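Student: This is a predicted model, with the sequence first.
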Amino acid sequence: MKAKKIYFASDQHFGAPNAEKSLQREKVFVKWLDTIKKDAEAIFLLGDLFDFWFEYKHVVPKGFVRVLGKIAEIRDAGIPIYFFVGNHDLWMIDYFEKELNIPVYREPTEFTLHNKTFLIGHGDGLGPGDKGYKFLKKIFVNPLSNWLFKWLHPDLGMGLAKYLSVENKTISGAEDVHFLGEYKEHLILYCKEVLKEKHYDYFVFGHRHLPMIFDLPHNSQYINTGDWISYFTYGVLENGVFDIKEYK
């Protein structure tokens, strides 16, 4: 029997830059999901699936029916899916949990997979620097801020949030997509600090939009799954070995 695989993907940003181009990428991602469901042991979605997501009590963002339908189909087939909120879908509440039976994580979380230890998350706000975004994130996740935003009509609220998601680089968390070097990459520095206290075989994050496998001290590796805008890359764990692949 062929060994099962665990898949990781992040930063699809569906909804950006416009409905037409987003739909093209969404169809590609759904095709990939359809391909991997045949041998997937589990799927980790590491955040920013949407370029903007906010849940009102009775309203969620319009669109995305193809990807949501495919995720529901895979989950209904018994394949576990884990979702980590990113800086663009911070306002995920319980829609995925109630409608899709998918757990939602808001912080880096430990997993043991194929006898390897993992620390998995989206990656925003980790490591040194980025103080502007870290300050704004505290405001965005504050229950009072969420309560006040809900009083805006969805047409106004979602229109405003979508504009800020694209135009405000502090909010969007946009970074230089070129490798900045071992001593300037915030997530590499974060991993090294964590390793001083506890060992993990793999650190797996998104957010950076830059696919890479970087060797860390003590036989550990930092993995970034890239994105589905420029790279169309994903991570795959098979028999305890992690690899980054491109979907073509």
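Tutor: On my side now, so go ahead. Model, not experiment: these values are computed from the prediction.

Student: in what helix or strand does the one residue sitting closest to the centre of the chain lie?
Tutor: Central residue of the chain (C-alpha atoms, centre = their mean): residue 47, 1.8 Å from the mean position. For residue 47, there is no helix or strand it lies in under DSSP states H and E.

Student: hey, where'd the helices end up in this structure?
Tutor: For the chain, applying DSSP state H gives helices covering 19-36, 65-76, 95-100, 131-140, 143-149, 154-167, 169-172, 186-195.

Student: ok, back up a step: does the residue nearest to the centre of the chain really touch residue 207, like I thought?
Tutor: Yes. Using C-beta atoms under 8 Å, residue 47 is in contact with residue 207, at 6.8 Å. C-beta coordinates here come from the backbone N, C-alpha and C atoms, glycine included.

Student: Contacts only, for the residue lying closest to the residue nearest to the centre of the chain once chain neighbours are set aside.
Tutor: Using C-beta to C-beta, 6 or more residues apart in numbering and skipping the chain neighbours, the partner closest in space to residue 47 is residue 86 (2.7 Å). Going by C-beta atoms under 8 Å, 6 or more residues apart in numbering, residue 86 touches 10-11, 46-49, 122, 124, 206-207.

Student: Then residue 41?
Tutor: By C-beta under 8 Å, 6+ apart, the contact set of residue 41 is 4-6, 79-80.

Student: Can you tell me which of these is nearest residue 115?
Tutor: residue 6 (12.2 Å; C-beta to C-beta).

Student: hmm, back to that, among the contacts of residue 86, which two are most distant?
Tutor: Within the contacts of residue 86, two members stand farthest from each other by C-beta to C-beta: 49 and 124, at 13.8 Å.

Student: neighbour-wise, which of those two wins?
Tutor: Counted by other C-beta atoms under 10 Å, residue 49 and residue 124 do not tie: residue 49 has more neighbours, with 29 against 24.
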